[in-house]
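S.K.: would you be able to build a 3D model of this:
(one chain, ligands or ions: 2)
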Amino acid sequence: MTINIRNCSRCKRIFVPVSGEKICPDCRAEELKLEDHVKSYVRDHPGITVNQLIEGSGAPSKLVWRMIMQGQFENSGLRDAKYPCGNCGKLITRGAYCDECAGKLKQNAQKFAEAMNSKRRAAEKKAQSSGKTFSDSMYDAMNNSRSR
Ligand SMILES: [Zn+2]
Ligand SMILES: [Zn+2]
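M.R.: Ligands and ions are numbered 1, 2, ... in the order given. The predicted structure follows:
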């Protein structure tokens, strides 16, 4: 087993991701609180636009748009929740791309993922043959500090 560590992309603190998170548990909890606040704001103000939501709730527009892209406001009555497809610019309401582009990009993404996987396997092999990896040394250090 290896232990991966990562810098939180929000507060820059070092943490151990459990399943590939980019932010630490503290920041995640804060974001969830904010998401709840945004969601209840939409519930309390039926028919508002995205701009009114961002201004009224005080939440960062980045967070609000990410929630829209995740489909968290579907059937919530939020208006103007449309943004351009990341590939062709057509207005969409969910995901990063329109259906047409998503289909095309999915094929490319699969090829990309396969290429990345074989690269990672090669890097892992190299790390194994060179002895201890960075994560192993971390693990040893943690064990030592615990037994002392
Ligand atoms: Zn953080
Ligand atoms: Zn598109």
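
S.K.: check which residues of the one helix or strand residue 116 maps to are buried.
M.R.: Taking DSSP states H and E as the definition, residue 116 sits inside helix 99-129. Using 16 or more other Cβ atoms under 10 Å as the test for burial, helix 99-129 gives 101-102. Where C-beta positions appear, they are placed from N, C-alpha and C, glycine not excepted.

S.K.: so does that helix get close to ligand 2?
M.R.: Yes: applying Cβ under 5 Å from the ion, one finds helix 99-129 in contact with ligand 2 at residue 101.

S.K.: hey, where'd the helices end up in this protein?
M.R.: Under the criterion DSSP state H, the chain contains helices at 25-44, 50-57, 61-69, 99-129, 134-147.

S.K.: by contact count, what packs against the third one?
M.R.: What that stands for is helix 61-69. helix 25-44, helix 50-57, strand 83-84 (3 or more Cβ pairs under 8 Å, 6 or more residues apart in numbering; DSSP states H and E).

S.K.: winner for burial among these?
M.R.: Using mean count of other Cβ atoms under 10 Å, the stretch among the helices and strands packed on helix 61-69 with the largest mean neighbour count is helix 50-57, at a mean of 17.
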